[in-house]
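[1] Would you be able to build a 3D model of this:
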Amino acid sequence: MLTDIDENNPIFTQELFGPVAAFYVVNTEEQAIELANATLFGLGAAIFTADIEHGRTMATKIESGMVFINQPSWTAPELPFGGIKNSGFGRELSERGFYEFVNEKLVNVAPSGAFPWGPVALS
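    Numbering: from 1, shown residues only. Model prediction:
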């Protein structure tokens, strides 16, 4: 567990992996969201609250690929995994992840004699 981390400490701007928890103390929710977003990374975040709906609202304001409410960030095969910013692009795992590894092709079929660019309403 790391505490008393200020902007001059390299930990403040690094993406940490492993059993490391960095704790920051702020006075307002707005400061907490600003601090959470003040990074070049955005893999996972966690919000702990008794008010689930408020937690969902806060989650929409956090710039992260994954936000967990009342749990630390974790993963499972059925959950889409991935970040934003310098933590990566796209998702892996789950149904959403399958589309990162395939090339989909559109095949649009119109009947013989149809107008070239889609149907035209006849009156």
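[2] How much space separates the closest residue to I33 other than its chain neighbours from Q31?
    Leaving aside its sequence neighbours, I33 sits nearest to K61 (C-beta to C-beta, 6 or more residues apart in numbering; 5.0 Å). All C-beta atoms are positioned from the backbone trio N, CA, C, and that covers glycine. Look at K61 and Q31: by C-beta to C-beta, to the nearest Å, they are 12 Å apart.
[3] need the contact list for the residue most central in space within the chain.
    Nearest to the mean C-alpha position of the chain, counting by C-alpha atoms, centre = their mean, stands G65 at 1.3 Å. The contact partners of G65, by C-beta atoms under 8 Å, 6 or more residues apart in numbering, come to G42, L43, G44, F81, G82, G83, I84, S87, G88, R91.
[4] Could you dump these into TSV with pLDDT added?
    Converted to TSV, the contacts of G65 look like this (pLDDT from 0 to 100):
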residue	pLDDT
G42	84
L43	86
G44	88
F81	81
G82	83
G83	81
I84	82
S87	79
G88	78
R91	75
